[in-house]
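**Q** coordinates for the following, if possible.
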Amino acid sequence: MIPVPPDDPEGWEPLPLPPVMEGVDPQVLEAFHAFHKVVNTFEQLMIKDLSEEGTQPSQITCLRLLAERDGISQREIADALRISRARVTAVVRALEKQGAIRRERDGADGRITRVYLTELGREIDRRKGRVRDQRINQIFADMAPADRDELRRRLDDLTARIERVLKSG
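**A** Reported below is the predicted structural model:
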């Protein structure tokens, strides 16, 4: 299991993988190590970018979700972000304290709390979106179009393989 990075990225590094694994072809393992390195390096970059200005990655992810689906319940946030309801409560409280979101009881079902972006929350989401867009251009824009197409094709294939494993149980 790859460790989940904390909201404070300082000093976080993924657990190292062994250079040799019993029963795994060395060339297959070499490809996996390259993939693992890309995923973890990108994750570290995103944590760094999202943590600037005192925000936490989980907060920014929540704001991005609300920008797409404003007014969803805390339970729906937990399900969409695949984090515990307790963690969502902590994230939502912190965002509410910052003035980035507001919570309201559902008019039809008082047991449900709906979460809405404030104008400040929308501005934070826009700022982080600009950082994201700059990083995408910084990483991919100077790549030859044929190389981008090949990368996309291979990553789509890898995604399909992983999805098949997930669906197979």
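**Q** where does the chain have low pLDDT?
**A** Residues of the chain meeting the criterion pLDDT under 70: 1-15.
**Q** ok, which stretches of it are strands?
**A** 101-105, 113-117 (DSSP state E).
**Q** spatially central residue in this protein, please.
**A** A centroid search over the chain (CA atoms, centre = their mean) returns residue 61, at 6.3 Å, as the residue closest to the centre.
**Q** hmm, who's touching stretch 145-158?
**A** 35, 140, 143 (CB atoms under 8 Å, 6 or more residues apart in numbering). Placement of C-beta: from N, CA and C, glycine included.
**Q** got the residues you listed as JSON lines, with neighbour count columns?
**A** Output for those, formatted as JSON lines (neighbours: other CB atoms under 10 Å):
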{"residue": "35", "neighbour count": "12"}
{"residue": "140", "neighbour count": "12"}
{"residue": "143", "neighbour count": "12"}
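**Q** next, check those against the helices and list the overlap.
**A** 35, 140 (DSSP state H).
**Q** and stretch 34-50, what's buried?
**A** 40, 43, 46-47, 49-50 (16 or more other CB atoms under 10 Å).
**Q** run the chain-centre distance for that stretch.
**A** 10 Å (CA atoms, centre = their mean, to the nearest Å).
**Q** of the contacts of stretch 145-158, which is the nearest to residue 125?
**A** residue 140 (22.0 Å; CB to CB).
**Q** share the number of residues neighbouring the closest residue to that closest one other than its chain neighbours, please.
**A** Spatially, and ignoring its direct neighbours in sequence, residue 140 is nearest to residue 148 (6.3 Å; CB to CB, 6 or more residues apart in numbering). Residue 148: 12 surrounding residues under other CB atoms under 10 Å.
**Q** likewise for residue 17?
**A** Neighbour tally, residue 17, other CB under 10 Å: 14.
**Q** and what of the one 10 residues further on?
**A** A count of neighbours around residue 27, defined by other CB under 10 Å, yields 8.
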